[in-house]
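# Quick one: sequence and predicted model below, then my questions.
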There are 2 protein chains.
Amino acid sequence: MGKFDLIENEKLRKQIEFIIECDKAKQVLRRTALTDCSRRENDAEHSWHLAVCAMVLFEYAPDGADLGKTVQMVTVHDLVEIYAGDTFAYDEQGNSTKQKRENEAANRLFGMLAEQGVFFRSLWNEFEQCSTPTALYARALDCLQPLLHNFVTEGYTWKGNHITAEMVLKRNEPCRRAMPEVWKIVEKIVDDSRQKGLLE
Amino acid sequence: MGKFDLIENEKLRKQIEFIIECDKAKQVLRRTALTDCSRRENDAEHSWHLAVCAMVLFEYAPDGADLGKTVQMVTVHDLVEIYAGDTFAYDEQGNSTKQKRENEAANRLFGMLAEQGVFFRSLWNEFEQCSTPTALYARALDCLQPLLHNFVTEGYTWKGNHITAEMVLKRNEPCRRAMPEVWKIVEKIVDDSRQKGLLE
């Protein structure tokens, strides 16, 4: 970096350098488009939108989920993609190497932060393992938001990729477990999309 | 909208419509550029970056600040700009009408959510009034992040706008009050930027 060598406090300098490194998430493009189809959205925008979703839909979250922690979790859940890139949800080959690529990325990125990196890493691990109510809620939102975008954009990501209704329902399985009330609308949206020919 | 009329639960339908409306924040451009100067950043990206900053710098936050609430506050702090637009921090004329424009925008946007809108509105009010440790911390980050971007981008927003070191220091006043340890680096960055001619 070098730019922040004027910060004598080494810990604070590393923290500022980490913050600047995170700026790169604004350039990691996802497969999902903005709702007006003007362009694809990036990881920073997606993560922010999940935080909004977490706040709006919290009344449907599973017992034991913590809102403040969910918002932090979704904020950092895709940071590893700065180095590992975005892996399309329905790309089998990409997903077979995803874990290894993302683990190496996590080592590199969170390693910038010394002991504080352990906190970020454990929050990301919790999301990946989906083993707590908070992580299950975050994961459900991570599937729901692109579903809503695809519904609004007439299947922007689905069309041309041979995506079936069954694949989308399977992908949204965390929503069924986390938020039964919201799952009802997932089923309706998928059913409606199949009827419209947006899904195979 | 109409698109989500298939959701029979009216409350949930309004919540989903609100979530989709928030997508527009990804199109509200700020004056600040990404760190590689490739383009200007938008409100969604900026808000997400503040959430990252809140998590990384929390050890320097004022006593009584709540991290989970700060992350929620920065997530929604610029939502009113969907209708009110971004007002450049150093635009005196724009800032004279900002409050009125943003209040009207808040009525319209948060009004989409019935009683839940009151929660979002009060969180935004708390940020605007800067009357609690959490709001002061959020405000300090809201000034610090563009300062860091401007430092990295050699004064992208400053140059050509006749921005002086005094203006930037005054703008970052919440940082001095909220985070004395971080304020030291604000002073260093401003001093260095003046020496380099990035600030008048």
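Okay, I see it. Numbers count the residues shown, from 1 in each chain, chains lettered A, B, ... in the order given.
# Centre-most residue in chain A?
A:Asp142 (4.8 Å; CA atoms, centre = their mean).
# tell me the SS of it?
Following DSSP: H, G, I helix; E, B strand; the rest coil, A:Asp142 is assigned to helix.
# Report the contact partners of the spatially closest residue to it that is not a sequence neighbour.
Among residues not flanking A:Asp142 along the chain, A:Leu50 sits closest, at 6.2 Å (CB to CB, 6 or more residues apart in numbering or on different chains). C-beta coordinates here come from the backbone N, C-alpha and C atoms, glycine included. Residues near A:Leu50 by CB atoms under 8 Å, 6 or more residues apart in numbering or on different chains: A:74, A:77, A:138, A:141-142, A:145.
# now do A:Asp142
Per CB under 8 Å, 6+ apart, neighbours of A:Asp142: A:50, A:74, A:77, A:174.
# do the same with A:Ala33
A:39-41, A:149, A:153, A:156-157.
# One more pass at 6 Å, please.
Neighbouring residues of A:Ala33 by CB atoms under 6 Å, 6 or more residues apart in numbering or on different chains: A:40, A:153, A:156.
# What of A:Leu113?
A:Leu113 touches A:Phe18, counting by CB under 6 Å, 6+ apart.
# So what does it have for phi and psi?
Main-chain torsions, A:Leu113, degrees, to the nearest 10: phi -110, psi 10.
# before we move on, back to that, among the contacts of A:Asp142, who's most crowded?
Using other CB atoms under 10 Å in any protein chain shown as the neighbour criterion, A:Val74 leads the contacts of A:Asp142 with 29 neighbours.
# Count the residues that sit near whichever residue of chain A sits closest to chain B.
Going by CB to the nearest CB, chain B is nearest to A:Gly68 of chain A, at 1.8 Å. For A:Gly68, the tally of surrounding residues (other CB under 10 Å) stands at 16.
# just the residues of chain A that are near chain B, which are they?
Proximity of chain A to chain B (CB under 6 Å from any CB of the partner chain) is limited to residues A:6-7, A:15, A:19-20, A:22-23, A:26, A:34-35, A:44-45, A:47-48, A:51-53, A:55-56, A:68, A:71-72, A:75, A:185, A:188, A:192.
# which of those are buried?
Neighbour-count burial (16 or more other CB atoms under 10 Å in any protein chain shown) applied to the residues of chain A next to chain B gives A:7, A:15, A:19-20, A:22-23, A:26, A:34-35, A:44-45, A:47-48, A:51-53, A:55-56, A:68, A:71-72, A:75, A:185.
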